[in-house]
Every structure is written in C-alpha cells, then in structure tokens.
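J.: Using only what follows, build the 3D model:
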Amino acid sequence: MYLLVYVDDLILTGNQSTSITTFTRHLHSEFSIKDLGLLNYFLGLEVMHDTEGLFLTQTKYANDILDRAGLLNAKPVATPLSISDTFTTDGTPFSDNTLYRSLVGALQYLTITRPDLSYAVNKACQHLHSPTEKHFQLVKRILCYVKGTISHGLVFTRPATSTILGYSDAD
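T.: Coordinates of the predicted model:
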C-alpha cells in the first residue's frame, strides 16, 4: 500500500483492496475525510488507468501554460532547444522578469511527467535573476516544443512480481 500526503490531500493505493478499505475506515474514524474514488486528477497530474498500468500526463496544465504565454496557436518545434541555442549572460534585459520566472517555474513543474524538458528548463532556471530577451525567446521555443508534444507523459506498467522497497530521507 502507498500513501501520498500533500497538505490536506491524500492518495492511497495498493493491490489489496481489503487493506485499503480498513485503512480508509480507520482514517475516517479519526478525521473527516471524503473518498473521491479512483484517482483521475491530482495537483495538475492527470491519471489514466488501464489493465497494463497507469499513464500520467499534465496536458491540461501544459495547455494552461501555453495560454498564459499566448502560445496556444504557436507552431510546434521538434526539440526543446536547437544545438546552436545557448543561454548566455549577455544581451538586452527582458522587460518582464515576473513573466519569465512564472513561465520557467511552470515549466519546472511540468518536468514531473516530462523528463525530456529537464535539461532545457534547467538552463532557463539558471537565469531567473536577470533574464534577457534571448532567454525569453528560448523559453518560448521550449513552449513550442511542449505544444507539439502536449500529450506526452509517463507510463507505469504493472510489474510481473512484487518487491518491497523502502525509501527514507534521513536528514
């Protein structure tokens, strides 16, 4: 059984429905909870279930970013950056630092289901303190790539055998 807690939202999943039911009943006896059933949408992540496993995407979230940037009708590109694109520190300062930071932050959250964006978004993040016009053009290119790959996401298939794994952040 897996339990994900984010502020006042919970996701509970596992392969033994009796354990989940018992745990949910116990939670309900201690707290006021509402069971929303099968997970479909959580914190901008869309979850699709099938017999093979799960597909996670952020299509709605990506559309919202494109809308905020005014790029819903943009022409898609094949890669997030071209081989000649570089994030240099020189150039004309970008006039709206807040917009740049907002779009780059949104793209950073999009990398949860889009690891193909990680390198380009990381490069854009390195210039949050003083973006230039060129930086903003490169962020727009990343967004044009997102436009062309809007339905991409992560596939999690059911394993053939179960194993127990434990992770801890021992700080």
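J.: Quick check, residue 16 in contact with residue 1.
T.: Yes: using CB atoms under 8 Å, residue 16 is in contact with residue 1, at 7.0 Å. From N, CA and C alone the C-beta is placed, and that goes for glycine too.
J.: any common contacting residues for the two?
T.: Here residue 16 and residue 1 have no joint contacts, going by CB atoms under 8 Å, 6 or more residues apart in numbering.
J.: can you pull out the strands in the chain?
T.: Under the criterion DSSP state E, the chain carries strands at the ranges 2-6, 9-13, 41-42, 45-50, 53-57, 153-157.
J.: residues contacting the residue nearest to residue 3 when sequence neighbours are not counted?
T.: Closest residue in space to residue 3, ignoring its immediate chain neighbours: residue 12 at 5.3 Å, by CB to CB, 6 or more residues apart in numbering. Applying CB under 8 Å, 6+ apart, we find residue 12 in contact with 1, 2, 3, 4, 20, 23, 24.
J.: Between those, which sits nearest residue 46?
T.: Residue 46 lies nearest to residue 4 out of those, by CB to CB, at 15.7 Å.
J.: so the closest one touches residue 10, yeah?
T.: Yes: Residue 4 is within contact range of residue 10, at 6.9 Å (criterion: CB under 8 Å).
J.: More neighbours: which of those two?
T.: residue 10 (16 against 12; other CB atoms under 10 Å).
J.: Just list the residues touching the more buried one, thanks.
T.: Residue 10 touches 3, 4, 27, 33, counting by CB under 8 Å, 6+ apart.
J.: Kindly report the domain assignment for the chain.
T.: 1-37, 59-148 (automatic domain parsing).
J.: In the shortest one, which residues are buried?
T.: To tie it back to what came earlier, the one meant is domain 1-37. 10, 12, 20 (16 or more other CB atoms under 10 Å).
J.: Adding distance to residue 147 and pLDDT, write these out as a markdown table.
T.: A markdown table is the format used below for the buried residues of domain 1-37 (distance: CB to CB, whole Å; pLDDT from 0 to 100):
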| residue | distance to residue 147 | pLDDT |
| --- | --- | --- |
| 10 | 33 | 84 |
| 12 | 35 | 85 |
| 20 | 39 | 87 |
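J.: Good, we can wrap up now.
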